[in-house]
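In: following is a predicted model, sequence given first.
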2 protein chains.
Amino acid sequence: MADEKLSNNLLQELKRGTLTLSVLLMSGKPTYGYSLVTELQDAGINVEQNTLYPLLRRLESQGLLQSSWDTGESRPRKYYSITDDGRITVSRLGEEWRRINRVMSRMMNEEEGK
Amino acid sequence: MADEKLSNNLLQELKRGTLTLSVLLMSGKPTYGYSLVTELQDAGINVEQNTLYPLLRRLESQGLLQSSWDTGESRPRKYYSITDDGRITVSRLGEEWRRINRVMSRMMNEEEGK
């Protein structure tokens, strides 16, 4: 029986690369951390707050997201939205995703056809 | 203009997770390192020998690939093939890949529809 922990590590590796792309795709309209966790979960991507929050800060420091505080509500919230550089990156990553996807689908179909 | 290097790092991250799955998918029949580099390139996945070889050794030490030497030819070659545990892992990773793919395609289509 394949080791459960190993399998999980490989799954994590597979998911890590797509999380950045998903977060950028979801930041087309301004959104705050917790709301993003919920939206990602609704989309079928389970992510912990302590994984997402550092990623949001990283993407901001890389200039792909920008943030602003909304102090109008009882509790101030930091809203993130995508920058122009972020959109360029999304378009590049999206293109590469589609390419990888075609390759992988073909390989998996060949494997199943055996 | 988005930073080229950053974009490349994100692309690497996106590719890394799929490389393991591709290599396992391609090891259904025994194959040696250099031949795998060529097959992956033909499939549209560019990978350097110094990335692939440590990955093959890692997958063998994890019990997902097994190896044997073919000394019949002028130059001895180490052939790798998938193990039963490897097949179980491929089936789990493949399922997760399909799931992630459905989610990502939906998100990208929504983004484009805006």
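Out: Ah, there it is.
In: rest of the way, CA atoms for contacts and neighbours
Out: Noted.
In: and the pLDDT for the spatially most central residue of chain A?
Out: Central residue of chain A (Cα atoms, centre = their mean): A:Leu19, 2.5 Å from the mean position. Looking at A:Leu19, its pLDDT reads 91.
In: so which strand or helix has it?
Out: helix A:4-26 (DSSP states H and E).
In: mind checking how far the helix or strand following that helix is from the chain centre?
Out: Later in the chain than helix A:4-26, the nearest helix or strand by DSSP H and E is strand A:31-32. The chain centroid and the centroid of strand A:31-32 are separated by 14 Å under Cα atoms, centre = their mean, to the nearest Å.
In: likewise for stretch A:86-98?
Out: Computed by Cα atoms, centre = their mean, the separation of stretch A:86-98 from the middle of its chain amounts to 12 Å.
In: got it, and stretch A:34-53?
Out: Averaging C-alpha positions (Cα atoms, centre = their mean) puts stretch A:34-53 9 Å from its chain's average.
In: so it, near chain B or not?
Out: Yes. Under the criterion of Cα under 8 Å from any Cα of the partner chain, chain B is reached by stretch A:34-53 at A:43-45.
In: what is the neighbour count of A:Thr20?
Out: A:Thr20 has 19 neighbours, counted by other Cα atoms under 10 Å in any protein chain shown.
In: quick one on the thing from earlier: residues in contact with the helix holding A:Leu19: which ones?
Out: A:36, A:40, A:55, A:64-65, A:82, A:86-87, A:90, A:93-94, B:10-11, B:13-18, B:20, B:62, B:89, B:92-93, B:96-97, B:100, B:104, B:107-108, B:111 (Cα atoms under 8 Å, 6 or more residues apart in numbering or on different chains).
In: next, the angle helix B:84-113 makes with the lengthiest helix in chain A.
Out: Of all the elements of type helix in chain A, the one with the most residues (DSSP state H) is helix A:84-113. For helix A:84-113 against helix B:84-113, the angle by axes from the mean of the first three to the mean of the last three Cα atoms, to 10 degrees is 140 degrees.
In: is helix A:84-113 up against chain B anywhere?
Out: Yes. Interface with chain B: helix A:84-113 contributes A:85-86, A:88-89, A:92-94, A:96-97, A:100-101, A:103-104, A:107-108, A:111 (Cα under 8 Å from any Cα).
In: which of those residues count as buried?
Out: The neighbour-count test (16 or more other Cα atoms under 10 Å in any protein chain shown) marks A:85-86, A:88-89, A:93-94, A:97, A:100-101, A:103-104, A:107-108 as buried among the residues of helix A:84-113 next to chain B.
In: and which of those residues is nearest A:Arg75?
Out: A:Gly86 (27.7 Å; Cα to Cα).
In: not counting sequence-adjacent ones, nearest residue to that closest one?
Out: Among residues not flanking A:Gly86 along the chain, A:Leu64 sits closest, at 3.9 Å (Cα to Cα, 6 or more residues apart in numbering or on different chains).
In: phi first, then psi, for that neighbour.
Out: Main-chain torsions, A:Leu64, degrees, to the nearest 10: phi -90, psi -20.
In: pLDDT at A:Gly94, what is it?
Out: pLDDT, A:Gly94: 89.
In: now do A:Leu11
Out: 83.
In: now for it, how many residues are close by?
Out: Neighbour number of A:Leu11 under other Cα under 10 Å is 20.
In: kindly calculate the angle that the lowest-mean-pLDDT helix or strand in chain A makes with helix A:84-113.
Out: Sorting the helices and strands of chain A by mean pLDDT, DSSP states H and E puts helix A:4-26 at the bottom, at a mean of 85. When the same axes, to 10 degrees is applied, the directions of helix A:4-26 and helix A:84-113 differ by 140 degrees.
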